[in-house]
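> Give me a model of this one.
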Amino acid sequence: MRIALITETFLPDVNGVTTTLCRLLEHLQATGHAALLFAPHDAPASYAGAEIVRLQGVPFPLYPELKLTPPQIGITAHLQHFKPDLVHLAGLALLGPMGRYAARRLGLPLVAAYHTDFPAYSAHYGVGGMRSLVYHYLRWVHNSCAITLCPSLATLADLRAHGFRRLRLWRRGVDTVRFNPRHASAAWRESIGVQPDETLLLYAGRLATEKRIDLLAEALEGLPGVRLALVGDGPARPVIEQRFAGLPVHFTGFLRGQALATAYASADLFVFPSDTDTFGQVIQEAMAAGLPVVAARAGGAPDLVRDDVTGALFTPGSVVELRAHLRTLSADPARRAAFGQAGRAAAERNSWGSVMDELLGQYQRILNWRARPWPRARQPHLIR
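Predicted structure coming up:
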């Protein structure tokens, strides 16, 4: 197969979309398929054998790390030259209409992966009144696709309730070699100020308003003997640093590769208060590293965290529940160990290879459907 992918986030940015696309490009190369990627202008020229067409974009005013890539000349011409079998839209904002137009003009089927809960983000960035408009826009883009791939049952249910059609569940994989309990380091704990009798909580992800990191500050205020490491960076870091002033917290900034794997494995408990993540890749990475997880009962977290088996779920926004779970688990090392072992076992069942084979199967079913001989009056371009 020849697959063209269009995204508005890629390397050097580090996020769930980028991770998924990197694993997909690697899998396409390993299985003998060709790929072309359209990505923002600061992306590398190629990745895993795939040429990358770099597009001009501008920082989103409310979130400078997010690049808005408007429709621009050249996308259709590049597609014509590459001759793909289908086009995959990966979590698009402004490029959605361009991908839709180019695919229709060339008679190519569209696949979309729904990565980011833009309607929920609108409330966190003071434009909640646009929520219905955002749903309308996204529905127009996604309902032109053969299928829309949803990362969690909660996302699928939400999109279905808002009129999105042809939805399929497609979860994400995790690298259980990189993220592994064996990377634990007492020296790393000591380097960030963890005392021998302290429980180390870890958060990994963007430091942004929608991640609800403010809840962790409130929860920490009532928890003696607990220290928090915040792994990541983002637009809200100055505000978050001010909010955590005087509390036992360490900001690591962005960590990648072995440094990130060491941070996960060296902690005692992973905490994730976000109520807007459609999947929560960092939850799965923490589980692969053998950590129990405390997360908000929202988005993709309930698909990953089994209450009282691999961790605990709390009502989104509830500091009381969050603090209670953290207090209970920080005082019970044996329970943390049992949850961590169960989480590691669950992560081992979600290899990237099997997840990407599932996606290639979806691609092939769409192409097979389109190849079926239909009567002249019934030439479908979509899977109903």
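> Show me the helices in the stretch 51-200 of the chain, by range?
Here the stretch 51-200 of the chain has its helices, by DSSP state H, counting those that start in this stretch, at 75-82, 96-106, 118-124, 131-142, 153-161, 186-191.
> would you turn the ones you listed into TSV with mean pLDDT and distance to Arg256?
Quick note: C-beta positions are derived from backbone N, CA and C, even for glycine. Formatted as TSV, those follow (pLDDT from 0 to 100; distance: least, C-beta to C-beta, whole Å):
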stretch	mean pLDDT	distance to Arg256
helix 75-82	96	30
helix 96-106	94	29
helix 118-124	77	24
helix 131-142	95	30
helix 153-161	97	27
helix 186-191	98	15
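> got a markdown table for those, with mean neighbour count too?
Output for the helices of the stretch 51-200 of the chain, formatted as a markdown table (neighbours: other C-beta atoms under 10 Å):
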| stretch | mean neighbour count |
| --- | --- |
| helix 75-82 | 15 |
| helix 96-106 | 19 |
| helix 118-124 | 19 |
| helix 131-142 | 17 |
| helix 153-161 | 17 |
| helix 186-191 | 14 |
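> Give me the helices and strands touching the longest helix seen in the chain, please.
Longest helix in the chain, counting residues (DSSP state H): helix 352-371. Helix 352-371 makes packing contacts with helix 16-30, strand 86-90, strand 110-113, strand 147-150 when contacts are defined by 3 or more C-beta pairs under 8 Å, 6 or more residues apart in numbering; DSSP states H and E.
> contact partners of the last one?
Strand 147-150 is contacted from outside by 111-114, 142, 156, 159, 164, 166-170, 278, 359, 362, 366, 383, using C-beta atoms under 8 Å, 6 or more residues apart in numbering.
> and if you look at the longest one?
The contact list for helix 16-30, computed with C-beta under 8 Å, 6+ apart, reads 3, 5, 7, 9-11, 34-35, 37, 47-50, 90-91, 113, 115-116, 172-173, 277, 279, 281-282, 352-353, 355-357, 359-360.
> re earlier: okay if I get the helices and strands packed on helix 352-371 as JSON lines plus distance to Arg206 and mean pLDDT?
Shown next, in JSON lines, are the helices and strands packed on helix 352-371 (distance: least, C-beta to C-beta, whole Å; pLDDT from 0 to 100):
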{"stretch": "helix 16-30", "distance to Arg206": "10", "mean pLDDT": "96"}
{"stretch": "strand 86-90", "distance to Arg206": "18", "mean pLDDT": "97"}
{"stretch": "strand 110-113", "distance to Arg206": "19", "mean pLDDT": "97"}
{"stretch": "strand 147-150", "distance to Arg206": "21", "mean pLDDT": "98"}
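> Of all these, which one is nearest Thr310?
helix 16-30 (19.4 Å; C-beta to C-beta).
> Pull up the pairing partners for the helix or strand that comes right after that closest one, direction included.
Remark: after helix 16-30, the chain's next helix or strand is strand 34-40, criterion DSSP states H and E. Strand 34-40 has these partner strands in its sheet, going by DSSP bridges: strand 2-7 (parallel), strand 50-55 (parallel).
> Nearest to Ala146 among those would be which one?
strand 2-7 (13.3 Å).
> Keeping just the C-alphas, turn the closest one into CSV.
Output of strand 2-7 as CSV, limited to C-alpha atoms (Å, rounded to 0.1, in the frame of the first residue of the first chain):
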residue,chain,number,x,y,z
ARG,A,2,1.0,3.6,-0.5
ILE,A,3,-0.2,5.8,2.4
ALA,A,4,-0.3,9.6,2.6
LEU,A,5,-0.6,11.1,6.1
ILE,A,6,-1.4,14.7,7.0
THR,A,7,-0.7,16.1,10.5
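> how about that strand: buried residues?
Residues of strand 2-7 classed as buried under the neighbour-count rule (16 or more other C-beta atoms under 10 Å) are 3-7.
> One more: stretch 341-359?
In stretch 341-359, counting by 16+ other C-beta under 10 Å, buried: 342-344, 346-347, 350, 352, 355-356, 359.
> So for those, which is the shakiest by pLDDT?
pLDDT across the buried residues of stretch 341-359 is lowest for Asn350, at 93.
> Just list the residues touching that one, thanks.
Contacts of Asn350 (C-beta under 8 Å, 6+ apart): 171-174, 284.
> same thing but at 7 Å, please
Asn350 is in contact with 171, 173-174, 284, counting by C-beta atoms under 7 Å, 6 or more residues apart in numbering.
> any idea how far it is from His78?
Separation of Asn350 from His78 (C-beta to C-beta, to the nearest Å): 34 Å.
> okay, and the helix or strand of this structure with the least pLDDT?
Of all helical and strand segments in the chain, the minimum by mean pLDDT, DSSP states H and E falls on strand 63-68, at a mean of 66.
> thinking again about what came up before, for the strands paired with strand 34-40, give me TSV that also has mean pLDDT and distance to Ala259.
Converted to TSV, these look like this (pLDDT from 0 to 100; distance: least, C-beta to C-beta, whole Å):
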stretch	mean pLDDT	distance to Ala259
strand 2-7	97	25
strand 50-55	97	25
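> Domain-wise, how is the protein divided?
2-173+351-371, 181-347 (automatic domain parsing).
> if you average pLDDT over each of these, which comes out lowest?
Taking the mean pLDDT of those, domain 2-173+351-371 comes last: a mean of 92.
> That domain: how far from the chain's middle?
On the basis of C-alpha atoms, centre = their mean, to the nearest Å, domain 2-173+351-371 sits 12 Å off its chain's mean C-alpha point.
> Determine how far the last residue of it lies from the first.
Using C-alpha to C-alpha, to the nearest Å, one end of domain 2-173+351-371 lies 16 Å from the other.
> Which one of the helices of the stretch 51-200 of the chain lies nearest to Val239?
Per C-beta to C-beta, nearest to Val239 of those: helix 118-124, 12.9 Å.
> Which other helices and strands does the closest one contact?
Applying 3 or more C-beta pairs under 7 Å, 6 or more residues apart in numbering; DSSP states H and E, one finds that helix 118-124 makes contact with helix 131-142.
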